[in-house]
Each structure stands twice: as C-alpha cells, then as structure tokens.
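**Q** Sequence first, predicted model second:
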Amino acid sequence: MTQAIRRFSAAALAALLLAAVGGPAAQAKSERPVGGAKGLESATFIVRLDAPASAQFHGGTLETFDARGRKTAKRFAPTAPEATGAARLDADAPAVAAYAMHLDAARGDVLSRAEAMLGRDLAPKHVYRHVLNGFAVDLSAAEADRLASLPGVRSVEPEFVHRPLTDNGPQWIGATRYWVGQNGTVAPNRGDGMVIGIVDTGINWESFFFDETRPGAPQIDNPRGQFYGLCSQPNVPCSDKIIGVYDFTDEDTDGKDPDNHGSHVASTAAGFPLSFSLNIAGQSIFFSTSGVAPNASIISYKACESDPDDPDGSFVCFGSSTAAALEQAIVDEVDTLNYSIGGPPTDPWAGI
C-alpha cells in the first residue's frame, strides 16, 4: 500500500520512476499485448535515452548523435532543482525550456535512425523530458533488442504494470493534529491553498465529496486561478475543488472514473467533510468523514484503465501511461502527489 499524500521533489519522483524502469535492455514481453508491426506480436516498451531528464541534469556538456549517427556536443545550464537551488522544477524556466528543446531534437534523431534501421515508421505513444528522457513505443521483442543497440539509447524495457490498491484515512496518519495545530508551533491547516495530484483511475466530479455547492461544504478558492487539461471541455465540469483533469489511457471517458478507485483515493486525500445518519436495524448511526486535506484542490491524472484481458472488470495501470501522468504532474507543479497503485507482492517498487 502506498504511503498517504506526500510532498515530493521532481528529482525524487524521477528517481522513483527510473528505478522502476531502469537496468539493461530487456528481452521479455510486456504484459500489454498490442497489434504488432508487420503482423508481428508487439508490446509497449519504454525507451530511455542517454542524457539525463531535466529533473536530474546538473549542467555541463552533452554528447548526442544526429540523425546520421554523427556525434555532436553542446553545453547546457543545470536544470535539476538540487543544482539550481530552486524549490521545484519549473518547466517554463528558460534553462529548462532550452534543455527540453534539446532533448526533443535528440529524441527525433534517435527515432529517425531507429526507423531507418527497422524499416518502418515509429509513432511514440508518449514522450518524456522531465520525469525521464525518452519515449514509449510499440515494438516486437526483436525490434526492442535492435533498438537497444543504437548509439544514444540507454535501455529498452517492457513497461511496468501496476494495479489500483487503497489508501489510509486521516485518523490513521494523524491528520487531525495538523487540523488543530500542534502545541502552538504549527498553525492549523487543512490543505489551504495546496494542489494535490492524483494518479489513478480518474475522478468522479459528481461526488458529494467534491461538490462545493452542497450545504456545509467549506468555501475554497482555486489557488492557481486557472484550470488544467480537459477542463476546457463542456463535459468536464471543473471547479475550485477539481481544477484539472487529464486522461492518458485508451479509454474514452475524458478523465472520468469508471472504477471509483481514483475517486475514493481523491476523497481520502482532499474530500470535503461529510456528516450523515443512517438507520441500521432500527438504530440511528451517525457518520462523519473527511479527506486528509479537505480545503486543498485536486488535479486528476487518469493513468489506469479497464484490463482488456480480465472479463471480471479489474483495472490496470500501464507504465507508459503512468510515466506520462507523472511527467504532466511535474509540469503542472502540483504541491504533492498521491499514487495509490501497486504491483504484485514480488514487485520491490509496489506501493512506494
């Protein structure tokens, strides 16, 4: 089980994802079969390139290979927050933007050489600059092995696969101590002005836990003064509570949660307080619940979808979609991130 909401740095988030997909090029198939190139069975692979991602680059001269395989070198300013002294990575900062542009060009050169070698077009499903440097693409196992030999390619790995789990409640983690303050040294706070990112199955914006118009809901303001992702679509009603919605899956839900796991996690993290009574066996039972940070706003990153291989309707979170969600969370500069997703018991990275 993942830890409850935590403040994160871009470098720490990148390190987590790199650990999950790191290592030498692998021969094994992914758990996500897809239509193969030229009729061959293929799967989604995450291709990591040699240069560091922006969250990890400490500055200096980088050697890359152009589309014809010729080596070039260019110097860049540091972009990693721990090297620049910045509190967090700003994707719009001039040094970061310049470095990201270089990564885009270098990735294009690698793709051109890969297409020439494989004899077909390659269309990346996602590209990454900040959480890792690379792209996700469908390949056969033989193609993955060949691509791993290209200069400038660090590794070619089958995407990891995680599944939705659950999360802790406010009382379990001691959130009430912060709601009322601690011994006069910590001011009371319920997430005021904070933006929480939720990487999961999506979000149900119709839930009582996110409805700021219902009686008793606290009045909060959008701390960013803007909306993100799919909020510009008329069928995605964002609010001061839900200020951003993204969908990185192949499901046609526009970021809405068909499983309710993401909504459960989001309400655990930042749901409005809710009190009600139920009549059970002739007795009136009073319930009172709240999210950990009920005054915080939410950006939802849908990275999990219905498992196409499970007739019982379970959900699965493919690594290429998860990496894209984490990439966008860095760009959006969320204050904290919840990832209540895990792998099998033998997965050392499950529940980190």
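**A** All right, it came through fine.

**Q** Now do the strands in the stretch 201-350 of the chain.
**A** Using DSSP state E, counting those that start in this stretch, the strands of the stretch 201-350 of the chain run over 228-229, 242-247, 274-280, 283-289, 297-302, 305-306, 315-318, 336-338, 341-342.

**Q** Note down every partner strand of the first one and its orientation.
**A** When pairing is defined by DSSP bridges, strand 228-229 lines up against strand 242-247 (parallel).

**Q** what angle separates the partner strand from strand 297-302?
**A** Counting by axes from the mean of the first three to the mean of the last three CA atoms, to 10 degrees, strand 242-247 lies at 10 degrees to strand 297-302.

**Q** Just the residues contacting strand 242-247, thanks.
**A** For strand 242-247, the external contacting residues (CB atoms under 8 Å, 6 or more residues apart in numbering) are 195, 202-203, 205, 210, 222, 224, 226-231, 236, 238, 253-255, 297-302, 325, 328, 332. (Glycine included, C-beta is placed from N, CA and C.)

**Q** 6 Å instead, please
**A** If you take CB atoms under 6 Å, 6 or more residues apart in numbering as the criterion, strand 242-247 is touched by 205, 210, 222, 227-231, 236, 255, 297-302, 328.

**Q** before we move on, what about stretch 261-271?
**A** By CB under 6 Å, 6+ apart, stretch 261-271 touches 5, 164, 167, 196, 198, 200-204, 207, 209, 257, 291-293, 296, 298, 338, 340.

**Q** got JSON lines for the strands of the stretch 201-350 of the chain, with distance to Ala80 too?
**A** Shown next, in JSON lines, are these (distance: least, CB to CB, whole Å):
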{"stretch": "strand 228-229", "distance to Ala80": "24"}
{"stretch": "strand 242-247", "distance to Ala80": "25"}
{"stretch": "strand 274-280", "distance to Ala80": "41"}
{"stretch": "strand 283-289", "distance to Ala80": "40"}
{"stretch": "strand 297-302", "distance to Ala80": "23"}
{"stretch": "strand 305-306", "distance to Ala80": "32"}
{"stretch": "strand 315-318", "distance to Ala80": "27"}
{"stretch": "strand 336-338", "distance to Ala80": "18"}
{"stretch": "strand 341-342", "distance to Ala80": "26"}
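
**Q** To Arg68, which of those lies closest?
**A** Nearest to Arg68 among the strands of the stretch 201-350 of the chain is strand 315-318 (33.6 Å), distances taken as CB to CB.

**Q** packing partners for that closest one?
**A** Strand 315-318 sits against strand 161-164, with contacts defined as 3 or more CB pairs under 6 Å, 6 or more residues apart in numbering; DSSP states H and E.

**Q** 10 Å instead, please
**A** Here strand 315-318 touches strand 161-164, strand 195-200, strand 305-306, strand 341-342, going by 3 or more CB pairs under 10 Å, 6 or more residues apart in numbering; DSSP states H and E.

**Q** tell me the most buried of the ones you listed?
**A** strand 195-200 (a mean of 27; mean count of other CB atoms under 10 Å).

**Q** what distance separates it from the centre of its chain?
**A** Put simply, strand 195-200 sits 8 Å off its chain's centre (CA atoms, centre = their mean, to the nearest Å).

**Q** Begin at 17, not 1, for the rest of this chat.
**A** Sounds good: first residue 17 from here, last item strand 211-216.

**Q** Pairing partners for that strand, with directions?
**A** Strand 211-216 has its sheet partners listed here by DSSP bridges as strand 313-318 (parallel), strand 352-354 (parallel).

**Q** I'd like those strands as JSON lines, with mean pLDDT appended.
**A** Putting these into JSON lines (pLDDT from 0 to 100) gives the following:
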{"stretch": "strand 313-318", "mean pLDDT": "98"}
{"stretch": "strand 352-354", "mean pLDDT": "93"}
